[in-house]
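A.B. asks: give me a model of this one.
(2 chains)
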Amino acid sequence: MRTQERIVITSLAALLALMAGPARAEDAQPPPDEATPPADAATQPVEAAEPPAPWDAAQPGTPPATADTAPTGAPADPPPVEEAAPPVAAMQPLMEQPAPPPAEHRRIDVREDLRFAGPPRPWHVRVIGDVSPAFFKDPSFDPLASDDVVTFGGGTLEGEWVFAERVPLMIDVGYAGAGSTEMTFDHLTLTYALHSLQVGVLVGYRFRDAVMPYVRGGVALTWMGVTIEGNDDSFEDWVFAAGGYAMAGVELSLARRWMRRVFRSEVFTAGVRVEAGYLYLGSFDFPTTTDDDTLVEHTSPSLGAVRLDGASMRISVVLAF
Amino acid sequence: MSSSIVRSRTAAIQLLVIIGAALASTCGGRPEIYEDPLRISGPIVVGRHLVYLDQTRERAVVLRPYEREVRHVPLGRNPSFMLPTPDQSRLVVICKGHVATTRDEQDEPPTMWIIDPETGESVVHDLGSPFDEVAISDDNRYAVAFFSADAEPGETEVFRNPNAVAILDLETGDLAEKNVRSFGDLPRGVVFSPSIMAPLLPDGSLGAQRTLAVVFADGYLTLLDVTHPERREVTVRLSLPGMDADVSPVEMVFAPFAGAAYLRASGTSDVYVLALTAREAASADENDFVVSINTLSAGSFPSDVALFSDGGQQKVLIANQQSGDLTVIDALTARFVSIPVGDPVDRILVYPEQNPEVAVVFSQASPRRTIHFLDLANVEASRGRNLTTLEGAEPVVGIELIPGRAQALVVHDHDRSVISVLDLYERTLSPFTGHQALSDYAVTPGGELLAGFSGLDTRLGVVDLTHLTSRAVVLEHVPSQVLTLARDDDDSGDAELGAVIVVHDEPYGLLTVVPDPLHDTADTTFALRGFLIQDLFDDRHED
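C.D. replies: Reported below is the predicted structural model:
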């Protein structure tokens, strides 16, 4: 069972590492040199060279009562792993295992990396790219789309502040856009575009360094444009509506400890988010309009109101700094 | 595998299933109606309104162009036909109803909708059959719904009785359904007599007035006394049984003060005279008149017929194409005189339309350059001396009276590239030539101007019919139809001036309104766009 979990977690970590980009050149481990005797590698396994921090290994999930962390409660960088002496208790399980694998199979104890270690500093910045299908069931949306699914694409800039030990608070400003063209009534071409500016708050609970469930909510300021094309003529109109959203999800990220150890990155990590919830973009009322920019004044009557609300999902890629 | 892990996995799977089911329930297509073509007929002019019939969404779209108002009037299932009343005050719509195809649907009977375009209010009458058409009497009192010989049975019909008719009194709302006797053919149309139609009494006076509806069919016609719909219909055969003659009624004029009607029919060189003679009705469902029919050999192949009054006597004027003459028939005595014309005349226009003084006669089927004028006063005595001729430079293929004016529009070729304005008093022609064939044209209700366009040209040509000057109005879109509306008295500007509505071929509806075509148009002209999809997002449809 442990082996299966290790495989899954290792695969996930490798995938996230790929998404985060290649490691720095100086961090990369050289390939095993055939000239180097295997015995040297066997006697100096990676785990032995880079053991976990003593406070983490001794009491997982609890930061050590050092001057950096304990008195103030503010997270701080743990001491560099190279400077820490491996405790006996931490080494014991390794010693009980069979002979270490050959040097070319570099083994990583991911479980250790995933344990909560505390962020290296109390604030971070996140850049998020996301795809979010939303399911709008209101009949007012029927003329614009033959199905109820609208797939948004967008990005979010997020500021993170760790105001409690495991509870980060994030404020995000994002953009989401969507659009589609549909043939309605056989010969009317209707195109809609949605541009949504979203401001929200996220509260998470980092019960592991790489796993953070969270809830997120905020307001959405959305501009909706509809273009209607006929035989030789077309017209369009843009309207604005305000709404909001409430989502819940989980963020899976590369553990910062692992990132530090492997890439020597102090603050950078990357991950994915999956969330679902309710999205209300607003009621978009298209009023009677008058267009004076043409040869003769054009008056278009009200098209009515489109209400966009429903269940929504969001899948995001997160880069955190 | 520990039990806690198993429980966690089971919970995760259940959660995924719930989320998947929830998302799946939110997925779905839109109602089928959005995939159907938008079937819209019209527009037609109803007073100061334009009306489109939206058969897809089962509603009438009523526009008041000047006010830029759009109103949707919901209709019954499967609206198929609309017609304004002659006084343009109401709109009559036939809806064919619906036969339920699923258990959660309900049948809806065929209906006739009477709509007031000013208010959008409608009165609905159930019909016994899904009729195709409706005809309305000139006094706006009666409507007769009937099956058209040209229409195919609907998808929901298994059987149809093509000889069923429904008579609706538009004032009282009384509806009577009848089954006219048939000789195996289908109705081809319905014409109404004036409401003062009366049978002759034996003493030569007239009986009670009533409105007759005459149903045309190949080989026969049926008279319905719509004032007394409970009475039986009268069917008149136009040829004797066994005769091979293919006689079909074409045109009928009524001489109410003579208790007679004159029928022009194809396939015969005679004119039929139907005389109504009063009698005592034996029962409530019996008619109080009898119809006698005679043929009048007053020329060869009558092609057009008109009614006029000369010295208080109603007379019938007939154009005989083959014999090239005109026949004047005394409606009361059936005596007639012939006036040779020399051309194969086949069209008659009388002016003024209410009390005709002049008949304009020309040959439409075999275009000639000549237009004949027949002064109708004392015509039987004067005969040929009342006939004058105007020879134009171009052949004449059509003449249309301009309402409210002593003018007529003359079309000189089938492409309508040359038109003229005919002065009916001076009897002169003022030609207007166009760069291209005229695709469509219209004259304002007051006869102030003529507006037309050619092909794909985005200009509207306007002719001031008072001063015979012309100008062009530049449009932004290619026109497909031109209409004219009467103008509200309280509208700004010249109250007598009508306005021009240019229809553009756009599925969502596009009109250019030219309120003042003879003067500056840049500031006053405007376009209405998208009115056929007004409130598109507020519509609610079900599969």
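A.B. asks: tell me where the stretch 51-200 of chain A has strands.
C.D. replies: When assigned using DSSP state E, counting those that start in this stretch, the strands of the stretch 51-200 of chain A occupy the ranges A:123-136, A:149-162, A:168-184, A:188-204.
A.B. asks: partners of the first one, with directions?
C.D. replies: Same thing as strand A:123-136. strand A:149-162 (antiparallel), strand A:304-320 (antiparallel) (DSSP bridges).
A.B. asks: in TSV, list the strands of the stretch 51-200 of chain A along with mean neighbour count and mean pLDDT.
C.D. replies: C-beta here means a position set from N, CA and C on the backbone, and glycine is covered the same way. Listed next are these as TSV, based on neighbours: other C-beta atoms under 10 Å in any protein chain shown; pLDDT from 0 to 100:
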stretch	mean neighbour count	mean pLDDT
strand A:123-136	19	92
strand A:149-162	17	92
strand A:168-184	18	93
strand A:188-204	19	95
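A.B. asks: out of the ones you listed, which gets nearest to A:M313?
C.D. replies: Closest of the strands of the stretch 51-200 of chain A to A:M313 is strand A:123-136, at 5.4 Å (criterion: C-beta to C-beta).
A.B. asks: for the stretch 101-250 of chain A, what lies in contact range of chain B?
C.D. replies: A:135, A:137, A:139-149, A:184-188, A:228, A:230-233, A:235 (C-beta under 8 Å from any C-beta of the partner chain).
A.B. asks: which of these are buried?
C.D. replies: Among those, those buried by neighbour count (16 or more other C-beta atoms under 10 Å in any protein chain shown) are A:135, A:139-145, A:148, A:184-185, A:188, A:228, A:230-231, A:233, A:235.
A.B. asks: the residue lying closest to B:S382 once chain neighbours are set aside pairs with what?
C.D. replies: Nearest non-adjacent residue to B:S382, counting by C-beta to C-beta, 6 or more residues apart in numbering or on different chains: B:D375, 7.6 Å away. On the basis of DSSP bridges, B:D375 is bridged to B:V358.
A.B. asks: so what's B:D375 up against?
C.D. replies: B:357-358, B:382, B:386, B:388 (C-beta atoms under 8 Å, 6 or more residues apart in numbering or on different chains).
A.B. asks: quick one on the thing from earlier: so which of the strands of the stretch 51-200 of chain A gets nearest A:G277?
C.D. replies: Closest among the strands of the stretch 51-200 of chain A, once you apply C-beta to C-beta, is strand A:123-136, at 10.1 Å.
A.B. asks: ok, which stretches of the stretch 301-450 of chain B are helices?
C.D. replies: B:379-382 (DSSP state H, counting those that start in this stretch).
A.B. asks: okay, now the unreliable bits of the chain?
C.D. replies: Just so you know, I chose chain A. In the predicted model, chain A carries pLDDT under 70 at residues A:1-120.
A.B. asks: you looked at the wrong chain, it should be chain B
C.D. replies: Within chain B, the ranges that satisfy pLDDT under 70 run B:1-9, B:11-28, B:155-156, B:182-184, B:241-245, B:298-299, B:414-415, B:487-498, B:520, B:543.
A.B. asks: leaving out chain neighbours, which residue sits closest to the most centrally placed residue in it?
C.D. replies: Chain B has B:L83 as the residue nearest its centroid, 6.5 Å off, counting by C-alpha atoms, centre = their mean. Sequence neighbours aside, B:V92 is the residue nearest to B:L83 in space, at 5.1 Å (criterion: C-beta to C-beta, 6+ apart).
A.B. asks: what secondary structure does that neighbour sit in?
C.D. replies: Under DSSP: H, G, I helix; E, B strand; the rest coil, the three-state class of B:V92 is strand.
A.B. asks: what's the answer for B:Y34, then?
C.D. replies: Here B:Y34 is helix, with the state taken from three-state DSSP.
A.B. asks: then A:W258?
C.D. replies: Under three-state DSSP, the three-state class of A:W258 is helix.
A.B. asks: coming back round to it: out of the contacts of B:D375, who's nearest A:S196?
C.D. replies: B:V358 (72.6 Å).
A.B. asks: so how far is B:L186 from the closest one?
C.D. replies: From B:V358 across to B:L186, the span is 38 Å (C-beta to C-beta, to the nearest Å).
A.B. asks: of those two, which one has the most company?
C.D. replies: The neighbour comparison of B:V358 against B:L186 (other C-beta atoms under 10 Å in any protein chain shown) goes to B:V358, with 21 against 16.
A.B. asks: got the contact list for that one?
C.D. replies: B:V358 touches B:350-351, B:373-376, B:424, counting by C-beta under 8 Å, 6+ apart.
A.B. asks: next: A:R314.
C.D. replies: By C-beta under 8 Å, 6+ apart, the contact set of A:R314 is A:130-132, A:247, A:249, A:273-276.
A.B. asks: redo that, cut-off 7 Å
C.D. replies: Contact analysis of A:R314 by C-beta atoms under 7 Å, 6 or more residues apart in numbering or on different chains lists A:130, A:132, A:247, A:275.
A.B. asks: thinking the second one is in contact with A:S312, fair?
C.D. replies: Yes: using C-beta atoms under 7 Å, A:S132 is in contact with A:S312, at 5.8 Å.
A.B. asks: distance of the residue nearest to B:S382 relative to chain A?
C.D. replies: 47 Å (C-beta to the nearest C-beta, to the nearest Å).
A.B. asks: next: B:G173.
C.D. replies: From B:G173 to chain A the distance is 33 Å (C-beta to the nearest C-beta).
A.B. asks: would that residue count as being in a helix?
C.D. replies: No: the assignment for B:G173 is coil, going by three-state DSSP, so no helix is present there.
A.B. asks: the residue in the stretch 301-450 of chain B positioned nearest to chain A: how many residues sit nearby?
C.D. replies: Closest approach between the stretch 301-450 of chain B and chain A, counting by C-beta to the nearest C-beta: B:S439, at 16.0 Å. Neighbours of B:S439 under the rule other C-beta under 10 Å: 18.
A.B. asks: contact partners for it?
C.D. replies: Counting by C-beta under 7 Å, 6+ apart, B:S439 touches B:453-455.
A.B. asks: the nearest residue to A:G174 once chain neighbours are set aside bridge partners, please.
C.D. replies: Distances taken as C-beta to C-beta, 6+ apart place A:T156 nearest to A:G174, at 3.2 Å, with adjacent residues excluded. Here A:T156 sits in beta bridges with A:I128, A:G174, going by DSSP bridges.
A.B. asks: the host helix or strand of B:I293 packs against which elements?
C.D. replies: Assigned by DSSP states H and E, B:I293 belongs to strand B:289-296. With contacts taken as 3 or more C-beta pairs under 7 Å, 6 or more residues apart in numbering or on different chains; DSSP states H and E, strand B:289-296 sits against strand B:234-237, strand B:271-278.
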